[in-house]
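> quick one: sequence and predicted model below, then my questions.
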There are 2 protein chains.
Amino acid sequence: MIVEERKTRSRSGGRSARRALRTAPKHDMLPGLTRGIPVCEVMDGAQVERIDAASMDILENVGVQFRDPIALEDWTRIGAKVVGELVYLDRGLVRELISTIPETFTYHARDPMKNVALGGPHSIFVPMTGAPFLRDLDDVRRNPTLDDLAMFHKLSHMLPGLHSSAHHIVEPYDHPISQRHLRITYSSMKHSDKTFMGMTTSPKNAEDVMEMCAILFGEDFLEDHPVTTGNCNGNSPLVWDETMLGAMRAFCKRKQPVLCSPFVLGGANTPASVPATVAQLNAEALSALAYSQVIRKGAPAIYGHYLSTVSMKSGAPMAGTPEISLMNFMIGQMARFYGIPWRTSNTLGGAKTFDAQAGYESGTNLQSVIHAGANYIWHSAGWNEAGMHCSTAKFVVDAEQCAMAHKMARGVDWGDFDQAVAAVPDVGPGGHYLGHPHTQENFQTAFFMPELFDNNSIEQWVAEGSVEITERALNYARKLLSEYQEPKLDEAKDEALLDYIARRERDIPAADELNQNY
Amino acid sequence: MIVEERKTRSRSGGRSARRALRTAPKHDMLPGLTRGIPVCEVMDGAQVERIDAASMDILENVGVQFRDPIALEDWTRIGAKVVGELVYLDRGLVRELISTIPETFTYHARDPMKNVALGGPHSIFVPMTGAPFLRDLDDVRRNPTLDDLAMFHKLSHMLPGLHSSAHHIVEPYDHPISQRHLRITYSSMKHSDKTFMGMTTSPKNAEDVMEMCAILFGEDFLEDHPVTTGNCNGNSPLVWDETMLGAMRAFCKRKQPVLCSPFVLGGANTPASVPATVAQLNAEALSALAYSQVIRKGAPAIYGHYLSTVSMKSGAPMAGTPEISLMNFMIGQMARFYGIPWRTSNTLGGAKTFDAQAGYESGTNLQSVIHAGANYIWHSAGWNEAGMHCSTAKFVVDAEQCAMAHKMARGVDWGDFDQAVAAVPDVGPGGHYLGHPHTQENFQTAFFMPELFDNNSIEQWVAEGSVEITERALNYARKLLSEYQEPKLDEAKDEALLDYIARRERDIPAADELNQNY
């Protein structure tokens, strides 16, 4: 009798719960990922120390070129050996400097419910940025505009698997390059209340981002709360330039985290060897991470990299290859060895369209960076054609893939194990579970049901018009945009931001710059 | 001077080595994979024991249905509790029985150079089987013929990433179903000298396969050398039928390995819970593995499964979802807990064409089964449309993906680490490595260069005709087939095989069966 009651209640509860789940908008952001599965470690302790030693030898004996007078002065001031633009860093100094980088921190969003932890077991998915072209809602490849950028910021806001609206997902070509960073930052802030990134295209642009963050969050708030992240690319091998170092200073002074990212084209600007590439990359990352602490002790910083191998046929960067996976595993181990959060790139690839190549590359990279335990998982949506375009179709599919990886990386849910196993004798040999109360209550949460994969029979698929994944994804993107609700900015802050932009746009010359890309 | 000499020699050596690598046919089979990276273990020891205990409870208290009088007699004889068709297996008995299954064994091929180890760290990639349709060299979807099957056996022979020609990759509809197993087995044996699989479509068919193996390898050789593998699917939940059990007996008696494969549609024929699904699957696999040892103590056997979750929309099997990955990790842990080699499925998916969905599904599954540490990685090439068709284009791309995964899973090559790191001071900050002797000697082997991914610029890609991956892959398949050289069978053995087939085809009625699929 009790069983029957439970069954009846469960059934109707299950049904209405399922109906609710089906009809409710599923746009709530997934919480930041806290992983429940182990990381893939391909080096033993001695091998980690071998990489560390090789990197420290490079820093001590080969040196790193800092093409920036202020950085050279800074290094001289704290007692590093500086010869011309070459800085030789003693391993003791490096270890001391990086020891003050926080192992984890909270990355604050405009909506505090969307704050995310970063570092240790905590990871986030951030969409791609920097594409000079897009494939739009009609899959047409063209130069992007500010409206296109807004579209991607809206999609980032709505897609549960993404934790950030990033910054210039696509380059808005309809706005002067010298002023773009202002409009890009505003678009990130306005169309989404998730975390966002800050432009580092010049030291002054980075300062503008800091000012706008101060307006949005409050000057005092910034001091102890990371609210944006800035990426600083190195020029491998072993060079940091003035633009990046200046932008880094703007961020670090305000205690906003920088991604210290050597830009690796394996075999072209690194040795033709997986572990030697990691040793060089590690030296490069450490040199910038150390400098972040010269700028400001205790400023959060992220061990970064852009990582590809180059095609012998075209010299172009490749992705989804075995060495990328191995290097990600190794870099993860090095970052954890130093106790620093780390950034990787996710769904990289060189496909020209959203075809099977794009799927293999992205699927492989995504699984690898998850197993590697990356914290700041950048370029998680839209990347295609070696970053030359952001694909709208791929953007929404990638985001769903991130949501799936999120579920996988959380690990096994043992919560209802005993109840679930109790269904086995209920059903018995040869039975089926679809009608069982436990199934009806738990099916939807137990197994992920991808929205953008078609699992119908071919007959049904043909009857429905043989809609390929690109078209399905673009229809989904249109549906999302039709349901978009702007997370309104506080009016006073919005006005202050627009005032700031207007003032800066008057200050910054904009002539003849429309069609340049940096 | 010495350096100069080394450079000169290295350069020319590097160039000619590279030229040789470029022009030489790259059809040599990769050795069986011996993994050098750790397995992904998502359960701690207590959780492994919790699954084990739940499975043993099921075996003891719920029982397993053996729909087969001989199996029921066998179980009764050795003292198991049998009630009707239900067999209740005491955990002590199960543990005792499975303890005689070899932890590793060598799987013998016609060419002994292509023997492969299986179990422990040793894994192999085996193409898909059982497709009632193919997408052919023109990407047309149609029923397959014996010629189509031969084509896939030839491709399996030539693709380095595949270690087996399997058996009925596609169903040859132009041959009577009751006689097909003979022609399928002969095609596997004739067109490739790699390992192959044996048909288990009936006990008698399995006996025919054993006889043909005895002709090819010698009757005595079989006794101590696994030369084929037979798959036995269970009917989840908790049922084994007469066909599968009879086929299993044919294999086990000759000490040929069987794959004991519960057929899991998660949520439909298992509880709606990841760990409870694994508990049931584990009970099912153990019951068949135990029976393999009742048939013949010490016969090699493989812990198998076919694993999917079902779509709530269509009831169809899904792949590339997070739970599939988690369950693979867990099943790997259980198989290692029992010390038994295990089988999984690789590039499963439900895409209707070779599109981005197919790529994501396959890339995700491949990475997951590699991290899971699967030994017998079946369905590694061609699978699409939930197994309804084998795609020729996907077949060659999947095989290249397996070759990449093979390189990744071997782990990091430290062999030339010191020499590679020595290039860093040679090149120095801001330099490049392409001209360095170490790079020229090692580039080709250091970084995998996928043949079927296009990494050219879009301009070059367009100039070359905007060839999509499906067409590129089909061109590649045509090229392989044009270069195919049959690995000739010993003439006497070939004749004996054909005599056997002719005799059996006279014995087996073939009427009205042409267009049936089993």
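Yep, that arrived.
> how about the residue in the stretch 51-200 of chain A positioned nearest to chain B, what does it touch?
Ranking the residues of the stretch 51-200 of chain A by distance to chain B (CB to the nearest CB) places A:Q65 first, at 4.0 Å. For every residue, glycine as well, the C-beta is placed using N, CA and C. The contact partners of A:Q65, by CB atoms under 8 Å, 6 or more residues apart in numbering or on different chains, come to A:85-87, A:238-240, B:429-430.
> and if we set it to 10 Å?
Applying CB atoms under 10 Å, 6 or more residues apart in numbering or on different chains, one finds that A:Q65 lies in contact with A:72, A:84-87, A:234-235, A:237-241, A:287, B:428-430.
> only alpha carbons, please: show the helix or strand hosting it as CSV.
If you go by DSSP states H and E, A:Q65 is part of strand A:64-67. Only the C-alpha atoms of strand A:64-67 are listed here, as CSV (Å, rounded to 0.1, in the frame of the first residue of the first chain):
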residue,chain,number,x,y,z
VAL,A,64,64.2,36.4,-21.4
GLN,A,65,63.9,39.4,-23.6
PHE,A,66,61.7,42.2,-22.0
ARG,A,67,61.3,44.7,-24.9
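> and the residue of the stretch 251-400 of chain A nearest chain B?
Counting by CB to the nearest CB, the stretch 251-400 of chain A gets nearest chain B through A:G359, at 2.1 Å.
> isn't there a helix covering that residue?
Yes - checked against DSSP: H, G, I helix; E, B strand; the rest coil, A:G359 lies within a helix.
> burial measure for the closest residue to chain B within the stretch 101-250 of chain A, as a count.
Residue nearest to chain B within the stretch 101-250 of chain A (CB to the nearest CB): A:L238, separated by 3.8 Å. Residues near A:L238, counting by other CB atoms under 10 Å in any protein chain shown, number 27.
> report pLDDT for it.
For A:L238, the pLDDT comes out at 98.
> these two touch, right, it and A:L86?
Yes - between A:L238 and A:L86 a contact is recorded at 9.0 Å, counting by CB atoms under 10 Å.
> between these two, which contacts overlap?
Here A:L238 and A:L86 share the contacting residues A:62-66, B:428-429, scored by CB under 10 Å, 6+ apart.
> pick the one among those residues closest to A:Q401.
Nearest to A:Q401, judged by CB to CB, of the shared contacts of A:L238 and A:L86 is A:V64 at 36.5 Å.
> let me see the mean pLDDT of the strand or helix carrying A:K407.
Element membership of A:K407, judged by DSSP H and E, is helix A:392-410. If you average the pLDDT over helix A:392-410, you get 98.
> find the nearest non-adjacent residue to A:E400, please.
In space, and not counting its chain neighbours, A:E400 is closest to A:L452: 5.3 Å by CB to CB, 6 or more residues apart in numbering or on different chains.
> and the residue nearest the centre of chain A?
Nearest to the centroid of the C-alpha atoms of chain A, with distances taken as CA atoms, centre = their mean, sits A:W378, at 2.1 Å.
> for the closest residue to that one other than its chain neighbours, give its distance to A:D398.
Using CB to CB, 6+ apart and skipping residues adjacent in sequence, the residue nearest A:W378 is A:V126, 4.7 Å away. Distance, A:V126 to A:D398, by CB to CB, to the nearest Å: 11 Å.
> where do the contact lists of these two overlap?
A:162, A:346, A:379-381.
> out of the residues you listed, which are inside strands?
With strands taken from DSSP state E, there is no overlap with the shared contacts of A:V126 and A:D398.
> how about CSV for those residues, with distance to B:M330 and neighbour count added?
Output for the shared contacts of A:V126 and A:D398, formatted as CSV (distance: CB to CB, whole Å; neighbours: other CB atoms under 10 Å in any protein chain shown):
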residue, distance to B:M330, neighbour count
A:L162, 29, 27
A:N346, 25, 26
A:H379, 30, 29
A:S380, 26, 33
A:A381, 29, 30
